[in-house]
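> A predicted structure for the sequence below; I have some questions about it.
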Amino acid sequence: MSNESLANLLKEERRFPPPADLAAHANVTAAAYEQAAGDRLGFWAEQAARLSWETTPTQTLDWSNAPFAKWFADGKLNVAYNCVDRHVENGLGDRVAIHFEGEPGDTRAITYAELQRKVSKAAHALIELGVRAGDRVAIYMPMIPETVIAMLACARLGAPHSVVFGGFSADALATRINDADARVVITADGGYRRGKASALKPAVDEALTRPGTENVRSVLVVRRTGQEDIAWQDGRDVWWHEIVERQSDRHTPEAFDAEHPLFILYTSGTTGKPKGILHTTGGYLTQVSYTHHAVFDLKPETDVYWCTADVGWVTGHSYITYGPLSNGATQVLYEGTPDTPHQGRWWEIVQKYGVTILYTAPTAIRACMKWGDDIPAKFDLSSLRVLGSVGEPINPEAWMWYRKHIGADATPIVDTWWQTETGAMMLSPLPGVTETKPGSAQRALPGISATVVDDEANEVPNGGGGYLVLTEPWPAMLRTIWGDDQRYLDTYWSRFEGKYFAGDGAKKDDDGDIWLLGRVDDVMLVSGHNISTTEVESALVSHPKVAEAAVVGAADPQTTQAICAFVILRGGAAAETSDADAGSGLVEELRAHVSQQLGPIAKPKRILPVAELPKTRSGKIMRRLLRDVAENRDLGDVTTLTDSSVMDLIQAKLPSAA
Ligand code: WT7
């Protein structure tokens, strides 16, 4: 974090009180903070009663085996029942659950009653494919209703799903199938992205040729594009419309223990393979339901909610599938990109469905800023009453643009800080309570305990900076890393005794409000996606011409960070690159290689062949120095380098630093 942005944060003096009418009718008032502060566990027990339990829990938190938490452990419930059936039983069957908008413009409105029938059929189909409670199911899908239906069908059967983002490569999918030992993969022939059908099934076919995926016995394929001449393996591949449609549309859900696994979701780490974050049932659903109700002030009878995230990320899990549906919300589900077929597509959707609550990411807001104020101005956005942001710190400029051009200078913005690991929102303003500050997530939600500590774990005073920590367990917290309890302890609970280490830098302002300052480790943030430097390095080194690679995220106005790679070539290739054309050809080849290995999102923006990399005496690459070079800064301390002259050689290579 540069000094300049710290200085900007300190200077932020703009304040926006909640709109009076929203405050007057808000779902949650300031009293919630007091109630939760007085009796945190009692507060969460009360929120758990938002759900329909088959066996009502008498226990709240069991922290006897800390930091392995159990919440509501003697309760039993079915997540799909809570998200679908109970609304139908409560007479809301005709309410639209999902307004689906395909990228090509096709639409479907699915009511809660229809959703119940579709989820029931899908559950029966999974049973026919041999899926039983506890079996893992991988889901590799575009953004279509069947994705949500597939997740709910798994939840209904107690079969933990592992959703893999549809933009990931076959190798990334194979790694995740292998780690979770998935038995069934649910996919589609493809989906629509940027005006074209983009295939998915070939990546599944390729993934299933990789070692460690042998236990996948069925691939269930939704026909979405119908345009691909797709390969078919009889006995393994099954069309969704063939097996699902002929099932009964009635299915009696079974209640599972509150701590029954609900899903695994992989998140990139700085070192080693991706971490399978494990979430369970009762505590998770309690917190996503409560936070969706509280932070968005959701009025399910009248609101039209829209979260623009992909369901392959945790935001989609918690705030497309589980939070909104558990609350009986009506929501928009959009398949495609914001600029297809034109840069006003999102605002056209807001106008068309009368969206009242919009939840998106700073990177998308910055893209819209770049496209121009005149684009949203062409649409009627007056239905909007709450705007949300998630995924990275939102710059005050982007926050102000969002409020002014999307929110008519009146709509509250809730900047929600949380993580795949936290499962649900942790820090955020409340729209009817908080006087907001552009760029700050401000404070822990009711029932959540967070603070900022220094290197020695001492809480910093107001005005101080350090690391964000969570000081008490929370219902939606991850339970472990799938198959690796030790890594769970090492990653989150070993940095500061008894406190959860989030890996984010943060500071407190003079009022004690919290400002997030980005990751303290090496994970890069590219267009809202966290990407591990190690994974990109490993992909580069897997190319026969590359000997070694170091990857850093360099600040980039468009994508937050751009991937910048320094590579040491193998002998023959190094000689080739002295010829300028051959050199740029190789760089293109390496970029394509990373894209093929990890998906296009991980493709480096720049690749620089260098003779040496800066290393410490113990052999660790000093990425900090490479970041200085990539961002055209003066070098920091180089004294711990084995050979400080390598930095001169590297800088000489870089046109912009010359
Ligand atoms: C990391 C978690 C939470 C769902 C999407 C990302 C960053 C997230 C904010 C925010 C500042 C934020 C943090 C966090 N982050 N929201 N409102 N302000 N930073 O989930 O991929 O697990 O990433 O995203 O660095 O640790 P994730």
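Perfect, thanks for sending it. All figures in this text were calculated on a predicted structure; none of them were measured in a lab.
> Please enumerate the helices of the stretch 201-350 of the chain.
Remark: helices assigned in the stretch 201-350 of the chain by DSSP state H, counting those that start in this stretch are 201-207, 240-243, 282-295, 314-316, 323-326, 345-353.
> Mean pLDDT for those - can I get that in TSV?
Compiled in TSV, the helices of the stretch 201-350 of the chain are given as follows (pLDDT from 0 to 100):
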stretch	mean pLDDT
helix 201-207	97
helix 240-243	98
helix 282-295	99
helix 314-316	96
helix 323-326	99
helix 345-353	98
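> So which of those helices is nearest residue 257?
For the helices of the stretch 201-350 of the chain, the distance to residue 257 is smallest for helix 282-295, at 8.0 Å, taking CB to CB. (C-beta placed from N, C-alpha, C; glycine too.)
> Now do that closest one: which elements does it pack against?
helix 40-48, strand 70-71, helix 323-326 (3 or more CB pairs under 8 Å, 6 or more residues apart in numbering; DSSP states H and E).
> Quick one: mean pLDDT for the next helix or strand after the longest one?
Tracing the chain past helix 40-48, the next element assigned as helix or strand by DSSP states H and E is strand 61-62. Taken as a whole, strand 61-62 has an average pLDDT of 98.
> closest one to the ligand among the helices of the stretch 201-350 of the chain?
helix 314-316 (4.5 Å; CB to the nearest ligand atom).
> leaving aside the residues next to it on the chain, what's closest to the residue of the stretch 451-600 of the chain found nearest the ligand?
With CB to the nearest ligand atom, the shortest gap between the stretch 451-600 of the chain and the ligand falls at residue 516, namely 3.4 Å. Take residue 516 and drop its neighbours on the chain: the residue closest to it by CB to CB, 6 or more residues apart in numbering is residue 393, 4.8 Å away.
> give me every residue that touches the residue nearest to residue 394 when sequence neighbours are not counted.
Excluding the flanking residues, the one nearest residue 394 by CB to CB, 6+ apart is residue 362, at 4.2 Å. Listed by CB atoms under 8 Å, 6 or more residues apart in numbering, the contact partners of residue 362 are 389, 391, 392, 393, 394, 395, 398, 528, 560.
> Among those residues, which ones lie close to the ligand?
391, 392, 393 (CB under 6 Å from any ligand atom).
> Could you tell me which residues make contact with the first one?
If I follow you right, that is residue 391. 315, 361, 362, 363, 528.
> Make a markdown table from those and add secondary structure to it.
Shown next, in a markdown table, are the contacts of residue 391 (DSSP: H, G, I helix; E, B strand; the rest coil):
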| residue | secondary structure |
| --- | --- |
| 315 | helix |
| 361 | coil |
| 362 | helix |
| 363 | helix |
| 528 | coil |
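> Any regions of the stretch 151-300 of the chain where pLDDT drops low?
Within the stretch 151-300 of the chain, the segments meeting pLDDT under 70 span 228, 268-272.
> mind listing the strands for it?
For the stretch 151-300 of the chain, the strands defined by DSSP state E, counting those that start in this stretch cover 161-163, 184-188, 190-193, 196-199, 218-222, 237-239, 256-257, 261-267, 275-280.
> what do you get for the stretch 501-650 of the chain?
For the stretch 501-650 of the chain, the strands defined by DSSP E, counting those that start in this stretch occupy 514-519, 524-526, 529-531, 546-556, 560-569, 606-609.
> what separates the longest one from the chain centre, distance-wise?
This means strand 546-556. For strand 546-556, the separation from the chain centroid amounts to 23 Å (computed by CA atoms, centre = their mean, to the nearest Å).
> Near the ligand, which residues of the chain are found?
267, 313-315, 390-393, 415-420, 441, 502-504, 516, 519, 530.
> For the nearest residue to residue 507 once chain neighbours are set aside, give me its contacts.
Ranked by CB to CB, 6+ apart and with sequence neighbours excluded, the top spatial neighbour of residue 507 is residue 465, at 3.6 Å. For residue 465, the contact set (CB under 8 Å, 6+ apart) comprises 6, 452, 505, 506, 507, 508, 517.
> Verify the contact between the residue nearest to residue 516 and residue 517 for me.
Yes: under the criterion of CB atoms under 8 Å, residue 393 makes contact with residue 517 at 6.8 Å.
> Which one's more surrounded, these two?
Counting neighbours by other CB atoms under 10 Å for residue 393 and for residue 517 shows that residue 393 has the greater number, 26 against 21.
> Noted, bye for now.
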